[in-house]
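Asks: structural data only, the sequence is not supplied:
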């Protein structure tokens, strides 16, 4: 019985292969790429374990059919028939993240006319970048912890609502007052939009893969990674323990920034529409490699 069904499956497969056309090859290639993207998306997340569970149910169903276990196969068939709806519910965070990433691509940005021209960005962010760099260097010298989120295309309304609205012009003095220990606004993140300090004392989301992050990293660094995973924001961190300046972009944290290196990175990310940081292949917490040198 099992051999007969296996032969039927093989015959059906050969029949499909024999009728393949060029458009079918393109169809298969597109499907393969989509599956690859999905596997890359769920890798090393809790969704990976859910996929294993679903594959186990599918395998159990085929085994039960082959062994003619009618009751088991009936129950598994009913469970799998609701699989699409269950996957949407179970993988909602991953699907949302994938759609957000698609919207953050250049195609998505230009398609819907989002964004500002380079002159407007430089006018808004030029003085703000200088203030951020100067402030981080001073805060670093005194080992004063700081967490600054630079908003880009993705709006951070959910995080802004958790903080205190300021609408302040950025400067060393303002950042110093905000992050001075034991002040009401120091315990949280500053979120900047359009070159101004929009809100302070904001709460940021946790990282998706908190368990695999270096245990030596504190709450500020973890919050920075989590925020950069959930948006295209550039998150600057000053360590309270070491005074070290770090930056999180696209879920990756890089460290050991100086004033000039930080300024170069922020200008690249804001003015040149960079979406990722150049990182080493082996150490995801390695320092950022400068793309160009000042003349």
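Replies: Right, received. Where do you want to start? Since we're looking at a predicted model, the values are computed, not measured.
Asks: just checking, residue 58 touches residue 77?
Replies: No - with contact defined as C-beta atoms under 8 Å, residue 58 does not count as touching residue 77 (10.8 Å). Where you see a C-beta, it was placed from the backbone N, CA and C, and this is true even at glycine.
Asks: for residue 262, which three-state class applies?
Replies: helix (DSSP: H, G, I helix; E, B strand; the rest coil).
Asks: and the helices in this protein, which stretches?
Replies: For the chain, helices defined by DSSP state H occupy the ranges 2-18, 22-42, 46-66, 70-81, 83-90, 92-104, 106-111, 118-141, 157-160, 172-179, 219-230, 259-271.
Asks: what about the first one, distance to the chain center?
Replies: Here helix 2-18 is found 43 Å from its chain centre; the criterion is C-alpha atoms, centre = their mean, to the nearest Å.
Asks: tilt between that helix and helix 22-42?
Replies: 120 degrees (axes from the mean of the first three to the mean of the last three C-alpha atoms, to 10 degrees).
Asks: quick check: angle from helix 2-18 to helix 46-66?
Replies: Using the same axes, to 10 degrees: helix 2-18 against helix 46-66 is 120 degrees.
Asks: please apply the same query to the longest one.
Replies: Taking the same axes, to 10 degrees, one finds that helix 118-141 is oriented at 110 degrees with respect to helix 46-66.
Asks: contact partners of helix 118-141?
Replies: 116, 145-146, 148, 150, 170-172, 175-176, 179, 192, 194-196, 236, 238-239, 243-245, 257-259, 262-263, 266-267, 270-271 (C-beta atoms under 8 Å, 6 or more residues apart in numbering).
Asks: circling back: single out the most deeply packed of the helices of the chain.
Replies: Stretch with highest mean neighbour count among these: helix 219-230 (a mean of 22; mean count of other C-beta atoms under 10 Å).
Asks: so where's the protein uncertain?
Replies: Within the chain, the stretches with pLDDT under 70 are 1-3, 5, 16, 40-51, 83-84, 86-88, 90-118, 210-212, 273-295.
Asks: hmm, 50 instead?
Replies: 44, 107-114, 278-295 (pLDDT under 50).
Asks: what residues of the longest strand along it count as buried?
Replies: In the chain, assigned by DSSP state E, the strand with the most residues is strand 196-202. Using 16 or more other C-beta atoms under 10 Å as the test for burial, strand 196-202 gives 197, 198, 199, 200, 201, 202.
Asks: reformat these as CSV; add distance to residue 209.
Replies: CSV is the format used below for these (distance: C-beta to C-beta, whole Å):
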residue, distance to residue 209
197, 30
198, 28
199, 27
200, 28
201, 26
202, 22
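Asks: excluding covalently adjacent residues, which one is nearest to residue 60?
Replies: Leaving out its chain neighbours, the residue that sits closest to residue 60 by C-beta to C-beta, 6 or more residues apart in numbering is residue 76, at 5.9 Å.
Asks: and the gap between that neighbour and residue 56?
Replies: 10 Å (C-beta to C-beta, to the nearest Å).
Asks: again, but for residue 155
Replies: Going from residue 155 to residue 56 by C-beta to C-beta gives 40 Å.
Asks: go on, residue 244?
Replies: For residue 244, the distance to residue 56 - C-beta to C-beta - is 45 Å.
Asks: and what of residue 38?
Replies: Counting by C-beta to C-beta - residue 38 and residue 56 are separated by 18 Å.
Asks: same check, this time on residue 23
Replies: Separation of residue 23 from residue 56 (C-beta to C-beta): 34 Å.
Asks: quick one: the longest strand of the chain to chain centroid distance?
Replies: 21 Å.
Asks: equivalent analysis for stretch 226-240, please.
Replies: 10 Å.
Asks: quick one: terminal-to-terminal distance for it?
Replies: Stretch 226-240 has an end-to-end distance of 19 Å (C-alpha to C-alpha, to the nearest Å).
Asks: and if you look at stretch 208-226?
Replies: The first and final residues of stretch 208-226 sit 7 Å from each other (C-alpha to C-alpha).
Asks: tell me how far it is from the chain's mean position?
Replies: Relative to its chain's centre, stretch 208-226 lies at 13 Å (C-alpha atoms, centre = their mean).
Asks: check contacts around the residue nearest in space to the middle of the chain.
Replies: In the chain, the centroid-proximal residue (C-alpha atoms, centre = their mean) is residue 229; its distance is 2.3 Å. Residues in contact with residue 229 (C-beta under 8 Å, 6+ apart) are 97, 205, 207, 208, 250, 251.
Asks: list the contacts for the closest residue to residue 58 other than its chain neighbours?
Replies: Leaving aside its chain neighbours, residue 58 sits nearest to residue 80 (6.8 Å; criterion: C-beta to C-beta, 6+ apart). The contact partners of residue 80, taken as C-beta under 8 Å, 6+ apart, are 57, 58, 61.
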